[in-house]
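Asks: Okay, structure incoming, though there's no sequence with it:
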């Protein structure tokens, strides 16, 4: 086999090796990207759960505030009645 053919074969082998190395690196990068996407998805699902819990707590607090507001309104009405009765009995 002439030296020229051996050089061409060696060059082809080196080109195949370089292509394979780049392919392996690309596959590795794709694997890392998939892992990052999976982490983002898991964080998103966790955040969704936390958001839902916060919405429930907000709804509960809104209900409690409404009940307090109604109670305060009733107290205010009672105080107004007492004030009117006190004013009527004072004369």
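Replies: Here it is on my side, so go on. Remember, predicted model here, so these are calculated numbers, not experimental data. Numbers count the residues shown, from 1 in each chain.

Asks: tell me the contacts of the residue nearest in space to the middle of the chain?
Replies: Residue closest to the average C-alpha location in the chain (Cα atoms, centre = their mean): residue 47, at 3.2 Å. With contacts defined as Cβ atoms under 8 Å, 6 or more residues apart in numbering, residue 47 is in contact with no residue. (C-beta placed from N, C-alpha, C; glycine too.)

Asks: Would you check how far apart residue 82 and residue 89 are?
Replies: Residue 82 sits 10 Å away from residue 89 when distances are taken as Cβ to Cβ, to the nearest Å.

Asks: Those two: which is more packed in?
Replies: When neighbours are counted by other Cβ atoms under 10 Å, residue 82 and residue 89 differ, and residue 82 comes out ahead with 10 against 7.

Asks: tell me the contacts of the more buried one?
Replies: Per Cβ under 8 Å, 6+ apart, neighbours of residue 82: none.

Asks: Give me the pLDDT for it.
Replies: pLDDT, residue 82: 91.

Asks: secondary structure element for it?
Replies: Residue 82 is located in helix 3-90, with elements delineated by DSSP states H and E.

Asks: quick revisit: mind checking how far the residue nearest to the centre of the chain is from residue 61?
Replies: In this view, residue 47 and residue 61 are 20 Å apart by Cβ to Cβ.

Asks: same check, this time on residue 33
Replies: Residue 33 sits at a distance of 41 Å from residue 61 (criterion: Cβ to Cβ).

Asks: and what of residue 21?
Replies: Applying Cβ to Cβ, one obtains 59 Å for the distance of residue 21 from residue 61.

Asks: One more: residue 83?
Replies: Between residue 83 and residue 61 the distance is 32 Å, computed by Cβ to Cβ.
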